[in-house]
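# Mind folding the following:
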Amino acid sequence: MQWSLILLFLMGQCCFIDCQLYEFHYINENKTWTEAQQYCREKHTDLVTVTNMKDMKRLINISDGDIKEAWIGLYDQTNGTRTWYWSLPGLEFNESETKWNKGEPQDYWYYNCGILGLNATWFSDYCRYSSFFLCYDETNTTHKYHLIEEKKSWLEAQSYCREKHTDLISGMKQLQDEEVKKLMNYGSIQVYFGLFRDTWRWSDGSSFSFRHWNLQFNDEQYNGRQCAMTVFDNGGRWRNEKCDEKKPFICYDDKVILIKENKIWEDALYYCRDHHDDLVTITNMDDQRWIQEKVKNASTDYVWMGLHYAFTLDFWFWVSDEVVSYENWASDGQMDDCDMSGAMKTGGKHQWFKRNDDEKLNFICSKK
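Model prediction:
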């Protein structure tokens, strides 16, 4: 069994080296947002979903220099439910892990941004108020957190943090860091942090929190402007527009697919290679975020990936022949043993766990 799987590894198709799990297509035809959505769903996967600043750079690079704007897949639900998100891409907001002050969050329609206040408790506030704010910098090994004592609106604060650091501070782990406590000293100061809520949703149904609005965006005055477009000569920043306006648009092709059939790992591998390309490979955090959005729709608690343990050689490998550089194991998830392969948890933090090859699970294939 082991040697046959190692042979499969050696025969792997190196499809993910320098590749993306999704591709963008700029369509230079003028259509309404709904017509553009229908076109993308018929000829590709859907109108484009934008997950982070890397995606924004990709969008700008594929645009025609003569075209100034294009529809993307974000739209506002009429009377939709407001949902809380973290500004930093990849973090999922958990309603059970909050520190709202008593009576918060307030239900005023325009109180959609988070303020960190006394005793590290949270307040909801009007996003256009000017306030100090906290940035997070993932590249700074000495000081990851920065208190910016310049008063800005929430959108301006987010833009500042993304340009000079990484993003507004986001998530309970960051907020509870000792460095943050020292910066704040939790006295009378109140600052913006990376919590916001809105009613905007992606056409493909995904829950990615990334937003890149222009700094004049006003969530109080939609005036029927319930579809989003990217404006190329403004750093790709987004503007809301009436959906019946006709514009070029951007579609995407998904290069992975969730197979909601229960198979043992080896059968899943053969299925992917016979019908698509291979079991999926995850090489970085961006891949992880894209895949974890897909596995939310699985019918099993875990989903097979193309990750297998070679017991005789004592190492984990991707069947695509990609080096295992990025890892997302749960603390108790990786136990090296024979006949084990890697699976992603479909809930929680979507971490990786070793599972016995004979378990029957859904799985993710890469597509050619």
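
# Please enumerate the helices of the stretch 1-150 of the chain.
Remark: helices assigned in the stretch 1-150 of the chain by DSSP state H, counting those that start in this stretch are 2-10, 33-43, 53-62.

# Rounded mean pLDDT for the shortest one, please.
If you average the pLDDT over helix 2-10, you get 45.

# Kindly report the same for stretch 162-172.
Rounded mean pLDDT across stretch 162-172 is 96.

# Flag every buried residue along that stretch.
R162, H165, T166, D167, L168, I169, S170, G171 (16 or more other CB atoms under 10 Å). Just so you know, the C-beta spots here come from the backbone N, C-alpha and C atoms, and that holds for glycine as well.

# Could you find the closest non-adjacent residue to K296?
T346 (6.4 Å; CB to CB, 6 or more residues apart in numbering).

# The one you found and D314: what is the separation?
29 Å (CB to CB, to the nearest Å).

# And these two? Which one has more around it.
Neighbour totals were compared for T346 and D314, and T346 leads with 20 against 8 (other CB atoms under 10 Å).

# residues in contact with V48?
F24, C40, L59, I72, G73, F249, I250, C251, Y252 (CB atoms under 8 Å, 6 or more residues apart in numbering).

# So the fifth one versus I259, what's the distance?
Going from G73 to I259 by CB to CB gives 24 Å.

# next one: the second one
The gap separating C40 from I259 is 23 Å, by CB to CB.

# And for the first one?
Plainly put, F24 is 24 Å away from I259 if you go by CB to CB.

# Next: the last one.
The spacing between Y252 and I259, counted by CB to CB, is 20 Å.

# between the two, who's got more neighbours?
Y252 (24 against 20).

# how about the more buried one, secondary structure?
Recorded secondary structure, Y252: strand (DSSP: H, G, I helix; E, B strand; the rest coil).

# Quick check: beta-bridge partners of it?
Per DSSP bridges, the residues bridged to Y252 are F24, D46.

# show me what contacts it?
Contacts of Y252 (CB under 8 Å, 6+ apart): Y22, E23, F24, H25, C40, H44, T45, D46, L47, V48, T49, G73.

# Over to M340?
H308, Y309, F311, K354, R355, N356, D357.

# can you check R201 too?
By CB under 8 Å, 6+ apart, R201 lies in contact with L74, Y75, D76, Q77, G80.

# Which secondary structure state is assigned to it?
Going by three-state DSSP: R201 is strand.

# For it, list each beta-bridge partner.
Beta-bridge partners of R201, as defined by DSSP bridges: Y75.

# From D46, how far off is it?
Noted for R201: a distance of 12 Å to D46, by CB to CB.

# One more: Q226?
Q226 is 17 Å from D46, by CB to CB.

# and what of T142?
According to CB to CB, T142 and D46 sit 42 Å apart.

# same question, Y271
As for Y271, its distance to D46 is 24 Å (criterion: CB to CB).

# per-domain residue ranges of this structure.
2-19+255-366, 23-79+200-253, 89-198 (automatic domain parsing).

# and the gap between L47 and C272?
Applying CB to CB, the value for L47 to C272 is 27 Å.

# Could you check which of the two is surrounded by more residues?
L47 (29 against 24).

# Tell me, what's the model's pLDDT at the more buried one?
For L47, the model assigns a pLDDT of 98.

# Would you check that W265 makes contact with L307?
No: the pair W265 / L307 is not scored as a contact, 9.5 Å apart, by CB atoms under 8 Å.

# any common contacting residues for the two?
S341.

# mind listing what R239 touches?
Neighbour list for R239: E69, W213, N214, F217, A228, M229, V231 [criterion: CB under 8 Å, 6+ apart].

# Now the fifth one. Nearest residue, chain neighbours left out?
The shortest distance from A228 to any residue that is not its chain neighbour, by CB to CB, 6+ apart, is 3.8 Å, and that residue is L74.

# Also D125?
In this structure, D125 finds its nearest non-sequential neighbour in I115, 4.7 Å apart by CB to CB, 6+ apart.

# and what of L134?
I169 (4.2 Å).

# doesn't E179 make contact with that neighbour?
No: the pair I169 / E179 is not scored as a contact, 10.4 Å apart, by CB under 8 Å.

# Find residues that contact each of those two.
Shared contacts of I169 and E179, defined by CB under 8 Å, 6+ apart, comprise Y145.

# Okay, now the unreliable bits of the stretch 101-250 of the chain?
186-188, 219-222 (pLDDT under 70).

# ok, which stretches of it are strands?
Taking DSSP state E, counting those that start in this stretch as the test, the strands found in the stretch 101-250 of the chain are 111-116, 122-126, 131-136, 145-152, 167-168, 191-198, 200-202, 227-231, 238-241, 247-254.

# Give me the neighbour count for T230.
26.

# Repeat that for Y145.
Neighbours of Y145 (other CB under 10 Å): 21.

# for the one 10 residues further on, same thing?
Counted by other CB under 10 Å, the residues lying close to L155 total 22.
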